[in-house]
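*Asks:* Prediction below, plus the sequence it came from.
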Amino acid sequence: QLQLVESGGGLVQSGGSLRLSCTASGFTLDNYAIGWFRQAPGKEREGVSCISSSGGNTAYTNSVKGRFTISRDNAKNTVYLQMNSLKPEDTAVYYCAKTRTLVRLCLLSPDHDYWGQGTQVTVSS
């Protein structure tokens, strides 16, 4: 069974940091680009960051540039999202997904499969 599992969410104060993990089971991640997405209550899902299969190409939505870093460890079958200088507006459920698009198109494309169940990130002011 192909599955993605997110972890690492939690409650943090404004300015704090969290590292999210996206671990695959049932398949190896190293052949696929992976994206992180988030959805806040009452808002549409938003693309946050994407990374190519090799890790050589990345993309970020403007609101997280300079604060978030996406990376991957293919030996551990895991993609990470390091989130620093967190703001209350970063509060959302964060999901990872295997994307079928190019990294440069990933943030706005609906063409993703194998979503995780999500992990809640709450940033208090």
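*Replies:* Ah, there it is.
*Asks:* Show me what the spatially most central residue of the chain bridges to in the sheet.
*Replies:* The chain has Trp36 as the residue nearest its centroid, 2.3 Å off, counting by Cα atoms, centre = their mean. Trp36 has these beta-bridge partners by DSSP bridges: Ser49, Cys96.
*Asks:* what ranges do the strands span in this protein?
*Replies:* 3-7, 10-13, 18-25, 33-39, 46-51, 58-60, 68-73, 78-83, 92-99, 112-115, 119-124 (DSSP state E).
*Asks:* weakest of these in terms of mean pLDDT?
*Replies:* Mean pLDDT per stretch puts strand 112-115 lowest among the strands of the chain, at a mean of 91.
*Asks:* ok, back up a step: format the strands of the chain as a markdown table; extra columns: distance to Cys106.
*Replies:* Where C-beta positions appear, they are placed from N, C-alpha and C, glycine not excepted. Shown next, in a markdown table, are the strands of the chain (distance: least, Cβ to Cβ, whole Å):
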| stretch | distance to Cys106 |
| --- | --- |
| strand 3-7 | 15 |
| strand 10-13 | 26 |
| strand 18-25 | 14 |
| strand 33-39 | 5 |
| strand 46-51 | 4 |
| strand 58-60 | 6 |
| strand 68-73 | 11 |
| strand 78-83 | 12 |
| strand 92-99 | 5 |
| strand 112-115 | 8 |
| strand 119-124 | 19 |
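*Asks:* can you pull the contacts of the residue nearest to the centre of the chain?
*Replies:* Leu20, Cys22, Gly47, Val48, Ser49, Cys50, Ile70, Val79, Leu81, Tyr94, Tyr95, Cys96 (Cβ atoms under 8 Å, 6 or more residues apart in numbering).
*Asks:* Also Thr58?
*Replies:* So Thr58 contacts Ser49, Cys50, Ile51, Ser52, Ile70, Val103 (Cβ under 8 Å, 6+ apart).
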